[in-house]
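Novice: build me a structure from this.
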Amino acid sequence: MSDIERIVAAHPRATRPISEIVVHCTATPEGRDVSVETIRGWHKGQGWRDIGYHWVVLLDGSVKLGRPEAQVGSHVAGRNTGTLGVVYVGGVAKDAKTPKDTRTPAQRDALMGLCRSLIDKYPTIKKVNRPPRKRERAAWQRPRQAARRLAQIPARRCREVRHGRYADEGRDQGTCRHRQAGRPAR
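Specialist: Sure thing, here's the model as predicted:
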């Protein structure tokens, strides 16, 4: 049994169904060492209860527990319930802006071993995934911002107004039922 298998086995199994592992990066510059406590501080500073990820893979390849597996994570908005969050330290070049695969050989091996151990522990896991790209997650990760953007769309773009359904009802064609109810146009 490897060290990673022992670490994963030592922690209580979640009773909730787990179907996916989502792998993240900390988006910290290449070579910058970040601890679990540092990430926990970032997340608590945002008002979260604890670190959002269940497991953290450090630069030297060591694997540390973040949030207990029994608790729902806080790592992919709208999809935390059936997932385990794993994060590796790194993810951007030294300029702190350019995305880059900065995983060390030790991190790659540890990440692979961790995912294998979690799949052995939870046979219901069907996929190991990355979080959706920015465009894919905009609608469900930030519903308030998405609603604000939708509210700024002119009413003439509403399908019902565009097809002139309100012309015979005496309402202004520039105002649809969504705007009258104070909701954003669809």
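
Novice: show me where pLDDT drops low in the chain?
Specialist: Residues of the chain that meet the criterion pLDDT under 70 lie in 131-186.

Novice: select the longest helix from it.
Specialist: With secondary structure taken from DSSP state H, the chain has its longest helix at helix 105-121.

Novice: list the buried ones in that one?
Specialist: For helix 105-121, burial by neighbour count (16 or more other Cβ atoms under 10 Å) applies to 107, 110-111, 113-115, 117-119, 121. All C-beta spots, glycine's among them, are computed from the backbone N, C-alpha and C.

Novice: helix or strand for W42, which one?
Specialist: Here W42 sits within helix 36-45, counting by DSSP states H and E.

Novice: and whichever helix or strand comes after that helix, what does it pack onto?
Specialist: Using DSSP H and E, the helix or strand that follows helix 36-45 in sequence is strand 55-57. Secondary-structure packing of strand 55-57 (3 or more Cβ pairs under 8 Å, 6 or more residues apart in numbering; DSSP states H and E): strand 63-65, strand 83-88, helix 105-121.

Novice: any chance of JSON lines for the ones you listed, columns distance to A14?
Specialist: Output for those, formatted as JSON lines (distance: least, Cβ to Cβ, whole Å):
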{"stretch": "strand 63-65", "distance to A14": "13"}
{"stretch": "strand 83-88", "distance to A14": "8"}
{"stretch": "helix 105-121", "distance to A14": "9"}
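
Novice: neighbours around the spatially closest residue to W55 that is not a sequence neighbour, how many?
Specialist: The shortest distance from W55 to any non-neighbouring residue, by Cβ to Cβ, 6 or more residues apart in numbering, is to V86 (4.6 Å). V86 has 23 neighbours, counted by other Cβ atoms under 10 Å.

Novice: V86 pairs with what?
Specialist: Per DSSP bridges, the residues bridged to V86 are V23, W55.

Novice: gap between it and E30?
Specialist: 19 Å (Cβ to Cβ, to the nearest Å).

Novice: what is the nearest of the buried residues of helix 105-121 to P12?
Specialist: Distance to P12 across those (Cβ to Cβ) is lowest for K121, with 10.5 Å.

Novice: before we move on, the earlier item: could you give the angle of the longest helix of the chain to strand 83-88?
Specialist: For helix 105-121 against strand 83-88, the angle by axes from the mean of the first three to the mean of the last three Cα atoms, to 10 degrees is 170 degrees.
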